[in-house]
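Colleague: Sharing a model that was predicted from the sequence below.
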Amino acid sequence: MSARDLDGAVGREVRVHGAVQRIRRLSWGAFVVLRRHDGLLQCVVAAGVEAADLDALREGQYVRVTGEVRQASLKDASISPRNVEVHASSIECLLDPVEPLRIDLTKKVLDLHIDTNLDNRPVSLRHPVERARLRISEGLGRAFREYHSAQGFTEIRTPKICFAGAEGGANIFKVQYFDREAFLAQSPQFYKQMGVAVFERVFEVGPVFRAEPHQTSRHINEYTSLDLEMGFIDSFHDVMAMEIGYLRAAMGLLASEYAPELEMLEADLPEVPAALPSVRLEEAHEIAGSMSGQDFSGEPDLDPEEERLLCEHSLREWGSEFLFVTHFPSSKRPFYTMDDPERPGETLSFDLLFRGLEITTGGQRIHGYQEQAAKLMAFGLDPAGFESYLMAHRAGLPPHGGLAIGLERLTARILRVENIRLACMFPRDVKRLVP
RNA sequence: GGACCGGUAGUUCAAUUCGGUUAGAGCACCGGCCUGUCACGCCGGAAGUUGCGGGUUCGAGUCCCGUCCGGUCCGCCA
């Protein structure tokens, strides 16, 4: 029985099951809040109801409650629905935990060190706030699928065990693959591009792996990439427009179907203007420079301080919490990125900044075989090592481009969670391989 | 790879410039009370090898050396 169904069942007898999230004992009985598949439900258990041994009732037990649905008016935002409660006529224990919970799940906030939280993830995830964060992340992934499916994209699944990395460099995990060495995918980039020739528009929601030994609140070594690639674009602005469409759809879906979670998390969804501000990297450096007094000009990338400054500026001057930065230098972008014919040394690429953090990278790709082979060599790479990739170029690719959004980063910034790990069910970082 | 910071009860934190009696508090836990709670409330209780090893000292959670573990930020990136 869903929360919505309970809403319409006032006066009826229902049977529900769940885990005991918290018990508030009073002299006449207790309020017992159940954790269920789609929210917390308050039950009222008077002392002496059938099969109910209130003294034996413990947080963490799994129970089945039978009772009448009655109207209520509850103040606790973690409970959903809040306009009904179940007055138990019987309560049956299905399972007793073998040890008391190691973490206090009854309070409004989990007052834990992030490390304690993550070490105890099998339990801490049962807290309403942690659960709600994962639901928001799920909603963003769901919106990505729904929106792009409606836009004519085909969902693809590409291998995560690869012969070579898409981005090159040392940040790739090696794995033993029978009698050979293989690598964990850093990106579905090559496969997406091949997919463009098959379906014109493709997307994938999947894990990517980065072996960088970074230790910050915005990096994990396995994250979920919301990837897309689209053919027959006129410019990379088509890709940016698609992202705007997605963000608008995603915020709409969250507002309509994830309202209880958003309310509990006290989240403020960003407005997504129909057109987002966009500046070239050079201009971005100037803006950040004038705000901080530092000189960023000539830097090939944005540093984290600039990302924060630029977002502040974008909100104040243009009323947008999102800001595109374009035209990163060729040297800083992968070899498949198309150069701007009008601006030598610059690429037709973009990042999207949101609330102080880079959440997306994208751009137009090189589709011509000769151009791609030439740029590979200019990067000091051997085209022979990219044979199957270049096969697609030789067989012909339409003009195309795409992007990748870091799901955990997007989730974390929407919820204003400081550490990306808290937007992830079981984060992997340099120090953390379990749980 | 670099810079900074930290490790005290199950947990989150205290512990007075410069070292000083028996290392405290909130929450959780245990016992009792409370006719409707909303992070319930009230009374009581138990709970610690101060990460580990060594040193200085009459005396070390506090100072010094070593060691282990971790966090934040930077580089790099989503």
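Modeller: Everything's here; your move.

Colleague: where do the strands sit along the stretch 1-150 of chain A?
Modeller: With strands called from DSSP state E, counting those that start in this stretch, the stretch 1-150 of chain A shows them at A:13-26, A:29-36, A:39-46, A:62-71, A:84-95.

Colleague: could you dump those strands to CSV with distance to RNA strand B?
Modeller: The C-beta positions use only the backbone N, C-alpha and C, and glycine is treated the same way. What follows is the strands of the stretch 1-150 of chain A, written out as CSV (distance: least, C-beta to the nearest atom of the strand, whole Å):
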stretch, distance to RNA strand B
strand A:13-26, 4
strand A:29-36, 4
strand A:39-46, 5
strand A:62-71, 7
strand A:84-95, 5
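
Colleague: so which of the ones you listed gets nearest residue A:232?
Modeller: Ranking these by proximity to residue A:232 (C-beta to C-beta) places strand A:39-46 first, at 43.9 Å.

Colleague: and that closest one, which residues are buried?
Modeller: Within strand A:39-46, the residues scored as buried using 16 or more other C-beta atoms under 10 Å are A:39-45.

Colleague: Look up how far RNA strand B lies from the residue lying farthest from the centre of chain A.
Modeller: Outermost residue of chain A with respect to the C-alpha centroid, by C-alpha atoms, centre = their mean, is residue A:48; its distance is 46.4 Å. Noted for residue A:48: a distance of 12 Å to RNA strand B, by C-beta to the nearest atom of the strand, to the nearest Å.

Colleague: So for that residue, what's the pLDDT?
Modeller: Note on residue A:48: pLDDT of 71.

Colleague: and what of the one 5 residues further on?
Modeller: The score at residue A:53 is 71. That number is its pLDDT.

Colleague: go on, residue A:103?
Modeller: Value listed for residue A:103 in the pLDDT field: 86.

Colleague: count of neighbours near it?
Modeller: A total of 20 residues lie near residue A:103 under the criterion other C-beta atoms under 10 Å.

Colleague: hang on, isn't it packed against residue A:121?
Modeller: No: counting by C-beta atoms under 8 Å, residue A:103 sits too far from residue A:121 to count as a contact (9.9 Å).

Colleague: can I get the strands of the stretch 1-150 of chain A in JSON lines with distance to residue A:174?
Modeller: Shown next, in JSON lines, are the strands of the stretch 1-150 of chain A (distance: least, C-beta to C-beta, whole Å):
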{"stretch": "strand A:13-26", "distance to residue A:174": "41"}
{"stretch": "strand A:29-36", "distance to residue A:174": "41"}
{"stretch": "strand A:39-46", "distance to residue A:174": "44"}
{"stretch": "strand A:62-71", "distance to residue A:174": "43"}
{"stretch": "strand A:84-95", "distance to residue A:174": "43"}
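
Colleague: The ones you listed: which one's closest to residue A:398?
Modeller: Smallest distance to residue A:398 across those (C-beta to C-beta): 46.0 Å, for strand A:39-46.

Colleague: Between strand A:62-71 and the closest one, find me the angle.
Modeller: Counting by axes from the mean of the first three to the mean of the last three C-alpha atoms, to 10 degrees, strand A:39-46 lies at 80 degrees to strand A:62-71.

Colleague: Residues contacting strand A:39-46, please?
Modeller: Here strand A:39-46 makes contact (C-beta atoms under 8 Å, 6 or more residues apart in numbering) with A:3, A:6, A:16, A:18, A:21, A:28-34, A:52, A:54, A:57, A:65, A:67, A:72, A:74, A:76, A:78-81, A:85-88, A:91, A:128, A:260.

Colleague: for chain A, which spans come out with low pLDDT?
Modeller: Within chain A, the stretches with pLDDT under 70 are A:50-52, A:165-170.

Colleague: mind listing the helices for it?
Modeller: Secondary structure of chain A (DSSP state H): helices at A:3-7, A:114-119, A:121-124, A:128-150, A:189-199, A:236-257, A:259-264, A:281-292, A:304-318, A:369-378, A:387-395, A:407-414.

Colleague: Close to RNA strand B: what parts of the stretch 51-200 of chain A are there?
Modeller: A:59, A:70, A:72-77, A:79, A:85, A:87, A:100, A:102, A:104, A:106-109, A:111-116, A:171 (C-beta under 7 Å from any atom of the strand).

Colleague: Select only the buried ones of these in PyMOL?
Modeller: Burial among these is assessed by 16+ other C-beta under 10 Å; the matching PyMOL selection reads:
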select buried, chain A and resi 59+72+74+77+79+85+87
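
Colleague: on that earlier part again, need the winner for burial among the helices of chain A.
Modeller: Among the helices of chain A, helix A:407-414 has the highest mean neighbour count (mean count of other C-beta atoms under 10 Å), at a mean of 25.

Colleague: any idea of the angle it forms with helix A:128-150?
Modeller: 120 degrees.

Colleague: Just the angle for helix A:407-414 relative to helix A:304-318, thanks.
Modeller: Angle of helix A:407-414 versus helix A:304-318, following the same axes, to 10 degrees, is 50 degrees.
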